[in-house]
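Peer 1: Here's a sequence, model it:
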Amino acid sequence: MHRRHLLGGLFAAPAALALPARAGEVRSAPDEALDAVFASTAPPALAGAMVTRAGLSWSGVRGARQAGGDQPVTLQDRWHIGSNTKAMTAAVFARLVEAGRARWEMTVAEAFPGLTLDPAWRATPLTTLMRHRSGLADADVIGMDWLGVARADPRSLPAQRAALAAKAFGRPPSGAAGAFAYSNAGYIIVGAAIEAITGQAWEDVIRAELFQPLGLSSAGFGPPPDPNAWGHRTVGGQPLPVNPASPGADNPLALGPAGTVHMTLADNARWLQAVLGGGPQGWLGDDSLTRLTRTDEADPAYAPGWIVRPAPAAGGMGRTIGHEGSNTLWHAMVVAAPDRGLGFIACSNDAAKGAIACRRLIQRLMAVASAA
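Peer 2: Numbers count the residues shown, from 1 in each chain. Model (predicted):
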């Protein structure tokens, strides 16, 4: 449940080798970029997409569903997106704000009226949890003791998340309020707040407020089921496919609001299209999109679910937002340039080679878009 170099690798410089086109085949610049990065990094599989406000403009996949296997990955395969789920959870909260069921200024005390709170938490806005600046530390809430028992917890997922919120807020924060400290627990608790507000499981709320309105029919939770690509664990320097039916194929499901969503490239593109302002009319207003994708904070500049890079960073794209996600078996990366209405997606069914591949592919696709 960690984030490999989340804040440092968003715009890594590439080094790549080109693959020759087949006889008579005309390769697009994005296809050539995908070929080159796949050849130079050699993950089991690699996928990429380019998005505009009008929708998916290009997508491609290379490789196999399982390392050493003979089943090629397809455009219909689903990819685990890890911590990129966080932006979705924040967007669901924005939907509740627009419906009058929540407020951007909502505090911990307002969200959890039934919990006994340490006084230090009572006036803490939920948005500080979304920006990783609440003082909450993962080790205080979802440490190794929790990981050892969470998968066998018989309680409902909302009950598990409510218990984590009670654990977190029953004592003072161990970190300094306002200081950045990346926290998966913070987003689990935002999910618990959504459950307290709606009376429904986070899974049901995100289906109703995000998956269904945006038409993300492939979206689900946990490892993509067969037949799809499998995630890979590195053993002895080699990728070992992990059966999605294995308990270790993903983090405990209670971690959902922080990072357990999977979906196809096309559905990921529909989500990114909506973030760029090209989603269904009325899905999210301009104020919500601004709050979700901008921040006045720095070092790092982290808006709810997005790392923000101001212009003129990122190869002439202007202001960019991005995120990476990994459950140590998969890697996913998204970068968007909202002012230009462009987005880029990279996914791999491997966390080691896949992380390098995703970063290089995003950089190459951004270069293609800049040159167009």
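Peer 1: And the strands in the stretch 251-372 of the chain, which stretches?
Peer 2: 261-264, 302-303, 306-309, 320-325, 331-337, 342-348 (DSSP state E, counting those that start in this stretch).
Peer 1: From residue 223, how far out is residue 245?
Peer 2: Applying CB to CB, to the nearest Å, the value for residue 245 to residue 223 is 8 Å. Using the backbone N, CA and C atoms, a C-beta is placed for each residue, glycine as well.
Peer 1: no wait, residue 62
Peer 2: Residue 62 is 21 Å from residue 223, by CB to CB.
Peer 1: got a list of what residue 231 touches?
Peer 2: Neighbouring residues of residue 231 by CB atoms under 8 Å, 6 or more residues apart in numbering: 80, 223, 241-242, 244, 249-250, 327, 329-330, 349-351.
Peer 1: Could you dump those into JSON lines with distance to residue 195 added?
Peer 2: What follows is the contacts of residue 231, written out as JSON lines (distance: CB to CB, whole Å):
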{"residue": "80", "distance to residue 195": "23"}
{"residue": "223", "distance to residue 195": "23"}
{"residue": "241", "distance to residue 195": "34"}
{"residue": "242", "distance to residue 195": "29"}
{"residue": "244", "distance to residue 195": "26"}
{"residue": "249", "distance to residue 195": "25"}
{"residue": "250", "distance to residue 195": "20"}
{"residue": "327", "distance to residue 195": "22"}
{"residue": "329", "distance to residue 195": "27"}
{"residue": "330", "distance to residue 195": "26"}
{"residue": "349", "distance to residue 195": "30"}
{"residue": "350", "distance to residue 195": "33"}
{"residue": "351", "distance to residue 195": "29"}
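Peer 1: from these, which single one is nearest residue 293?
Peer 2: residue 80 (23.2 Å; CB to CB).
Peer 1: what is that closest one paired to in the beta sheet?
Peer 2: Beta-bridge pairing of residue 80 under DSSP bridges involves residue 262.
Peer 1: count of residues packed around the residue nearest to residue 276 when sequence neighbours are not counted?
Peer 2: Distance criterion CB to CB, 6 or more residues apart in numbering; nearest residue to residue 276, sequence neighbours excluded, is residue 53 at 5.0 Å. A count of nearby residues for residue 53, using other CB atoms under 10 Å, gives 17.
Peer 1: Look up phi and psi at residue 173.
Peer 2: phi -60, psi 140 (degrees, to the nearest 10).
Peer 1: More neighbours: residue 62 and residue 223, which one.
Peer 2: residue 223 (27 against 21).
Peer 1: is it true that residue 47 touches residue 264?
Peer 2: No. Residue 47 is beyond contact range of residue 264, at 9.1 Å (criterion: CB atoms under 8 Å).
Peer 1: and for the two, which residues touch both?
Peer 2: 75, 77, 79.
Peer 1: ChimeraX command for the buried members of those?
Peer 2: Buried subset of the shared contacts of residue 47 and residue 264, written as a ChimeraX selection, criterion 16 or more other CB atoms under 10 Å:
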select :77,79
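Peer 1: Let me have the shared contacts of residue 47 and residue 264 in CSV, adding distance to residue 175 and pLDDT as columns.
Peer 2: Listed next are the shared contacts of residue 47 and residue 264 as CSV, based on distance: CB to CB, whole Å; pLDDT from 0 to 100:
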residue, distance to residue 175, pLDDT
75, 42, 98
77, 39, 98
79, 32, 98
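Peer 1: Closest to residue 169 out of the shared contacts of residue 47 and residue 264?
Peer 2: For the shared contacts of residue 47 and residue 264, the nearest to residue 169 is residue 79 (34.0 Å; CB to CB).
Peer 1: ok, now which ones touch that closest one?
Peer 2: 47, 224, 229, 262-265, 268, 330, 332, 347-349.
Peer 1: Same question for residue 354.
Peer 2: 43-44, 46, 232, 326, 330-331, 348.
Peer 1: beta partners for the nearest residue to it once chain neighbours are set aside?
Peer 2: Once flanking residues are discounted, residue 354 sits nearest to residue 348: 2.8 Å by CB to CB, 6+ apart. For residue 348, the beta-bridge partners are residue 46, residue 331 (DSSP bridges).
Peer 1: what's around residue 348, how many residues?
Peer 2: When neighbours are counted by other CB under 10 Å, residue 348 comes out with 35.
Peer 1: Please look at it and residue 46 and confirm they touch.
Peer 2: Yes. Using CB under 8 Å, residue 348 is in contact with residue 46, at 5.1 Å.
Peer 1: Show me whatever sits in contact with both of those two.
Peer 2: What both residue 348 and residue 46 touch, as defined by CB under 8 Å, 6+ apart, is the set 354, 357-358.
Peer 1: Of those, which is the nearest to residue 124?
Peer 2: For the shared contacts of residue 348 and residue 46, the nearest to residue 124 is residue 358 (33.7 Å; CB to CB).
Peer 1: Can you tell me how far the closest one is from residue 342?
Peer 2: 17 Å.
Peer 1: go on, residue 295?
Peer 2: Residue 295 is 20 Å from residue 342, by CB to CB.
Peer 1: Would you mind listing the buried residues in the helix or strand of the chain with the lowest mean pLDDT?
Peer 2: Lowest on mean pLDDT, DSSP states H and E among the helices and strands of the chain sits helix 144-149, with a mean of 92. Neighbour-count burial for helix 144-149 flags residue 146 (criterion: 16+ other CB under 10 Å).
Peer 1: next one: it to chain centre, how far?
Peer 2: When C-alpha coordinates are averaged (CA atoms, centre = their mean, to the nearest Å), helix 144-149 and its chain have centres 23 Å apart.
Peer 1: Would you indicate which residues of the helix or strand that it is followed by are buried?
Peer 2: Going down the chain from helix 144-149, the next helix or strand is helix 157-169, by DSSP states H and E. When burial is assessed from 16+ other CB under 10 Å, helix 157-169 yields the following buried residues: 157-158, 160-166, 168-169.
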